[in-house]
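[1] The following comprises the amino acid sequence and a computationally predicted model.
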Amino acid sequence: MEKKTKTKAKSKSTKQKTTPKQPKTNIMEALLKKRGLPKIKIGDLIDAKIIKLEKRRVVFDIGGKAKAILGNKEIKEITTYLPYLKEGQKIKVRVIADESREGFPVVSMRNFFEEGKWKILEDKKENEEEIEVICGKFGKGGVFVEFMGIRGVIPKIQLIEEYIKNADKLQGQKIKVKVLEVDRDKNRLVVSQKAAVFKTSQKELLKHFKEIKKGEKYKAKVLNISNFGIFCEVNKVEGLVHISEISWEKVVDISRHAKIGDVIDVVVTEKNDKDLKLNLSIKRLQSDPWSDIEKRYPKNKEFEGTIVRKADYGYFVNLAPGIEGLIHISKLTGNENFKIGQKVKVYIEKINKRVRRISLLLPQKAKPVMYR
């Protein structure tokens, strides 16, 4: 009887040893099956809810109270994103391993790191919420900034007055800004320090923008001067007087026409509905000197003008504000040595009103045959 019992025990022991081990790759599947949860496999992109958010540990609910954890490599990156994540938030994660040391599946937030930050910016713009950026160098476009690895810019006119003239002082600083433009396809981010400091609302801006009428005259405050125009503010809406719209005369030095802080008269020529900005003009508040040019400057009459520029191909002569003509080198004898500011007598050879161009001739001892 005792022998039989030993034989039976030995037989049972042998059976236990020969029972095949469950493959490791099926552990997660078996666990989920046991709990009646949906199947997931490595490579799946799934919706997960953050249930624990710390610098060294992020835990997710991947459905039916099953947990997953963030991989160790990405834990090192999470600090950058912590201000924009919260417990209870749902994000897309990708399954990268069956099981961690704790027995949970391991997931990756790489999809969020690459795409989610753009979604954050889009949401911040939509809700008019502030973000914090790190300022870099100041360049032609403004102050370069960085947000979660995305490079953007604060245009000079979007800085508060303190930094408009000293933008370099912002380098290395963390500041609050509001999102003005965000486009992930163009990798474009434009933000405003001014909007954050003064709590400017896009809804209010849109209201002011709609109130402004194209073709109407307004008072504009000069915000900044660049080499291509004058940046202004009309009823809290930004606008630009392009260099070509400052005067009917050729503009060489814009600073002679306006200074930061000046209040000037402008007319609205265009409204840009996409970015809520205005195209403005100063010169269109005055009559166009070319409107009756042929009547004012007939061919059979001598006129006096002033030499304003010398070029390789001749001399430019100013006849009146906004009206210049050219004495081409082919019309010169070669003995002329006119000085800038010198008065000269000229005749009209040809006028092209469409391209605003006048060809001039110097008087001869006898009038040219064409004038007889």
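    That came through, no problem. Numbering: from 1, shown residues only.

[2] Which stretches in this protein count as helices?
    Taking DSSP state H as the criterion, the chain contains helices spanning 2-18, 27-34, 72-75, 78-81, 110-111, 117-127, 161-164, 193-197, 202-211, 293-296.

[3] who are the neighbours in contact with the spatially most central residue of the chain?
    With distances taken as Cα atoms, centre = their mean, the residue of the chain nearest its centroid is Val190 (3.6 Å). Going by Cβ atoms under 8 Å, 6 or more residues apart in numbering, Val190 touches Gly152, Val153, Ile154, Pro155, Gln158, Val179, Leu180, Glu181, Val182. For the C-beta atoms, the positions are set from N, CA and C on the backbone; glycine is no exception.

[4] just the buried members of these?
    Buried residues within the contacts of Val190, counting neighbours by 16 or more other Cβ atoms under 10 Å: Gly152, Val153, Ile154, Pro155, Gln158, Val179, Leu180, Glu181, Val182.

[5] ok, so of these, who is nearest Val143?
    Ile154 (4.5 Å; Cβ to Cβ).

[6] who's in contact with the closest one?
    With contacts defined as Cβ under 8 Å, 6+ apart, Ile154 is in contact with Cys135, Gly142, Val143, Val145, Val177, Val190, Val191, Ser192, Gln193.

[7] ok, back up a step: now, which of the contacts of Val190 sits nearest Lys236?
    Distance ranking of the contacts of Val190 against Lys236, using Cβ to Cβ, places Gln158 first at 13.2 Å.

[8] Run through who's touching stretch 340-349.
    Contacts made with stretch 340-349 from outside it, assessed by Cβ under 8 Å, 6+ apart, are listed as 297-299, 301-310, 317, 319, 325, 327, 331, 338, 358-363, 368, 371.

[9] per-domain residue ranges of this structure.
    The chain breaks down into these structural domains: 47-108, 127-197, 214-285, 293-371 (assignment by automatic domain parsing).

[10] Output those domains in JSON lines; the columns should cover mean pLDDT.
    Rendered in JSON lines, the data for the domains of the chain read as follows (pLDDT from 0 to 100):
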{"stretch": "domain 47-108", "mean pLDDT": "87"}
{"stretch": "domain 127-197", "mean pLDDT": "91"}
{"stretch": "domain 214-285", "mean pLDDT": "92"}
{"stretch": "domain 293-371", "mean pLDDT": "88"}
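
[11] need these in JSON lines with distance to Trp118, can you?
    What follows is the domains of the chain, written out as JSON lines (distance: least, Cβ to Cβ, whole Å):
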{"stretch": "domain 47-108", "distance to Trp118": "12"}
{"stretch": "domain 127-197", "distance to Trp118": "4"}
{"stretch": "domain 214-285", "distance to Trp118": "19"}
{"stretch": "domain 293-371", "distance to Trp118": "46"}
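
[12] how close does Arg284 sit to His257?
    Counting by Cβ to Cβ, to the nearest Å, the separation of Arg284 from His257 is 14 Å.

[13] mind saving the C-alpha coords of stretch 183-198 as CSV?
    The C-alpha trace of stretch 183-198 is given here as CSV (Å, rounded to 0.1, in the frame of the first residue of the first chain):
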residue,chain,number,x,y,z
ASP,A,183,0.4,75.4,-38.7
ARG,A,184,2.0,72.0,-38.3
ASP,A,185,2.2,71.3,-42.1
LYS,A,186,4.3,74.5,-42.5
ASN,A,187,6.1,74.0,-39.2
ARG,A,188,5.0,77.5,-38.4
LEU,A,189,4.4,79.0,-34.9
VAL,A,190,3.8,82.8,-34.3
VAL,A,191,3.2,84.0,-30.7
SER,A,192,2.6,87.4,-29.0
GLN,A,193,4.1,88.6,-25.8
LYS,A,194,1.9,91.7,-25.9
ALA,A,195,-1.3,89.7,-26.1
ALA,A,196,-0.3,87.7,-23.0
VAL,A,197,0.8,90.8,-21.0
PHE,A,198,-2.2,92.9,-21.9
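
[14] Perfect, that will be all.
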